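K.L.:
build me a structure from this.
(one chain, ligands or ions: 2)
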Amino acid sequence: MIELSIVIPMYNEQEVLPKLFERLKPCLEAITKNYEIICVDDGSKDETCTMLRAYNNFDERIKVIHLARNFGKEAALTCGIDYSSGQAVIPFDADLQDPPELISELVAQWRKGYKVVLATRRSRETDSWLKRVSSDWFYKLINVVSTVRIPHHTGDFRLMDGQVVEAVKNLPERTRFMKGIFAWVGFSTTTVYFDREPRAAGTTTWNYWKLWKFALDGIFSFTSVPLRVWTYVGAFISLVSFLWAIKIITRTIIFGIDVPGYASLMVAVLFMGGMQLLSIGIIGEYVGRIYSETKQRPLYFVEDTVGL
Ligand code: UDP
Ligand code: MG
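P.N.:
Ligands and ions are numbered 1, 2, ... in the order given. Here you go, the predicted model:
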């Protein structure tokens with residue numbers, strides 16, 4: 001019986017691997033002997049995969065899944081969770097930004113009976129100003145428009161009971177916004193707080209453009225408010241236009257035809273054109289997602305596994 005599964009998606013993490021296992025294993029050892037570390041090699045281009053295989057030779061609790069190509073962190077994490085067999089599962093980042101020492105606290109809360117134990121960052125001092133501000137705005141926005149509450153300052157690092165993992169596996173959507181999916185399933189939840197560290201080695205593969213697309217995925221997969229808002233915008237503009245039309249018609253009837261009006265005409269045409277393009281763009285976001293959902297492509301392909 002495996003008590004604890006640690007799931008680590010990895011993309012080009014060769015520099016950090018020795019440090020990772022050196023720090024992670026004693027932490028797990030102190031909690032239970034029955035654990036597994038599932039490393040999902042997300043199509044790394046460096047020596048990550050070869051190194052993982054070597055680690056498995058020394059310790060069979062380090063299990064390796066080699067994906068057919070780089071499918072992205074969310075898919076890699078989904079894959080690792082699918083293959084996990086622990087009574088509790090903890091997604092973990094390879095770069096040691098989340099302290100493995102906290103795992104014992106997560107497990108302690110789980111043993112008290114909580115099904116989900118969130119690890120929430122106390123501060124974001126290690127992040128740049130822009131990242132802090134944009135993430136603040138993102139969480140404010142998504143929690144206003146979406147019905148599921150997505151916890152602030154909380155990444156994928158958390159503990160989930162096997163029951164929660166089963167629930168997560170039942171969400172078959174292609175757009176994997178894992179934080180949202182984890183939040184959506186619910187279950188009794190508690191939180192522990194920690195300070196996040198800078199990356200132990202290597203560099204992040206997330207740039208602002210990727211983060212922006214990721215934020216859009218989060219919003220569009222967890223709410224249809226952006227679609228609905230156009231009903232209200234449209235109704236409001238129609239009302240204003242109607243009142244304005246009455247004014248113009250009345251004035252024309254009383255005072256005759258008034259030739260000037262170029263400015264108001266242009267403003268109205270351009271404003272309406274802009275609004276329409278924007279709303280079509282929003283519909284496009286949803287149609288695109290419907291398209292990728294209907295294709296029903298698998299989220300990932302496993303090339304081979306070691307130790308599973
Ligand atoms: N990762 C992955 N596939 C990718 C990009 C990243 O599996 O295409 C992994 C990466 O190896 C790390 C985790 O996802 O274990 C988080 O990535 P990173 O530290 O680069 O992101 P950040 O902490 O900056 O959000
Ligand atoms: Mg990181």
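
K.L.:
distance of the closest residue to ligand 1 within the stretch 201-308 of the chain from residue 155?
P.N.:
Going by CB to the nearest ligand atom, ligand 1 is nearest to residue 204 of the stretch 201-308 of the chain, at 3.4 Å. Just so you know, the C-beta spots here come from the backbone N, C-alpha and C atoms, and that holds for glycine as well. From residue 204 across to residue 155, the span is 13 Å (CB to CB, to the nearest Å).

K.L.:
tell me the residues of the stretch 1-150 of the chain that contact ligand 1?
P.N.:
By CB under 6 Å from any ligand atom, the residues of the stretch 1-150 of the chain that approach ligand 1 are 9-11, 13, 42, 70, 72-73, 76, 93-95, 97.

K.L.:
those in helices, which ones?
P.N.:
In helices, defined here by DSSP state H, the members of those are 73, 76.

K.L.:
of the residues of the stretch 1-150 of the chain next to ligand 1, which ones also sit close to ligand 2?
P.N.:
Near ligand 2, judged by CB under 5 Å from the ion, the entries from those are 93, 95, 97.

K.L.:
in CSV: the residues you listed, plus neighbour count.
P.N.:
Converted to CSV, these look like this (neighbours: other CB atoms under 10 Å):
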residue, neighbour count
93, 21
95, 21
97, 17
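
K.L.:
which SS class is the closest residue to ligand 2 within the stretch 201-308 of the chain?
P.N.:
The minimum distance from the stretch 201-308 of the chain to ligand 2, using CB to the ion, falls at residue 204 (5.5 Å). Of the three states, residue 204 takes coil under DSSP: H, G, I helix; E, B strand; the rest coil.

K.L.:
what pLDDT does the model give the most centrally placed residue in the chain?
P.N.:
In the chain, the residue lying closest to the centroid (CA atoms, centre = their mean) is residue 177, at 3.7 Å. pLDDT, residue 177: 83.

K.L.:
quick check: nearest residue in space to it, chain neighbours excluded?
P.N.:
Closest residue in space to residue 177, ignoring its immediate chain neighbours: residue 218 at 4.6 Å, by CB to CB, 6 or more residues apart in numbering.

K.L.:
quickly find the element holding that neighbour.
P.N.:
For residue 218, the element it lies in under DSSP states H and E is helix 208-222.

K.L.:
now for whichever helix or strand comes after that helix, which elements pack on it?
P.N.:
Next helix or strand after helix 208-222 toward the C-terminus (DSSP H and E): helix 225-255. Under the contact criterion of 3 or more CB pairs under 8 Å, 6 or more residues apart in numbering; DSSP states H and E, helix 225-255 touches helix 262-295.

K.L.:
ok now whichever helix or strand comes after the helix it packs on, how far from the chain's centre?
P.N.:
Proceeding N to C from helix 262-295, the next assigned helix or strand is strand 302-306, under DSSP H and E. Distance of strand 302-306 from the chain centroid (CA atoms, centre = their mean, to the nearest Å) equals 25 Å.

K.L.:
and if you look at stretch 47-54?
P.N.:
27 Å.

K.L.:
dump the residue contacts of residue 67.
P.N.:
Contacts for residue 67 (CB atoms under 8 Å, 6 or more residues apart in numbering) come out as 40, 41, 42, 43, 75, 76, 79, 300, 301, 302, 303.

K.L.:
could you rerun that using 10 Å?
P.N.:
9-11, 40-44, 49, 75-76, 79-80, 300-304 (CB atoms under 10 Å, 6 or more residues apart in numbering).

K.L.:
ok, now which ones touch the nearest residue to residue 84 once chain neighbours are set aside?
P.N.:
Excluding the flanking residues, the one nearest residue 84 by CB to CB, 6+ apart is residue 5, at 3.8 Å. Counting by CB under 10 Å, 6+ apart, residue 5 touches 35-38, 63, 80-81, 83-92, 160, 162, 165.

K.L.:
in strands, which of those residues fall?
P.N.:
With strands defined by DSSP state E, the entries of the contacts of residue 5 inside them are 35, 36, 37, 38, 63, 88, 89, 90, 91, 160.

K.L.:
my guess is the fourth one meets residue 66, correct?
P.N.:
No: between residue 38 and residue 66 no contact is recorded; they are 11.9 Å apart, counting by CB atoms under 10 Å.

K.L.:
what residues are shared contacts of those two?
P.N.:
Listed as contacting both residue 38 and residue 66 by CB under 10 Å, 6+ apart are residue 305.

K.L.:
residues in contact with residue 268?
P.N.:
Neighbour list for residue 268: 237, 241, 244, 261 [criterion: CB under 10 Å, 6+ apart].

K.L.:
right, and the pair among those with maximum separation?
P.N.:
With distances taken as CB to CB, the most widely separated pair in the contacts of residue 268 is 237 and 261, at 18.7 Å.

K.L.:
no further questions, thank you.
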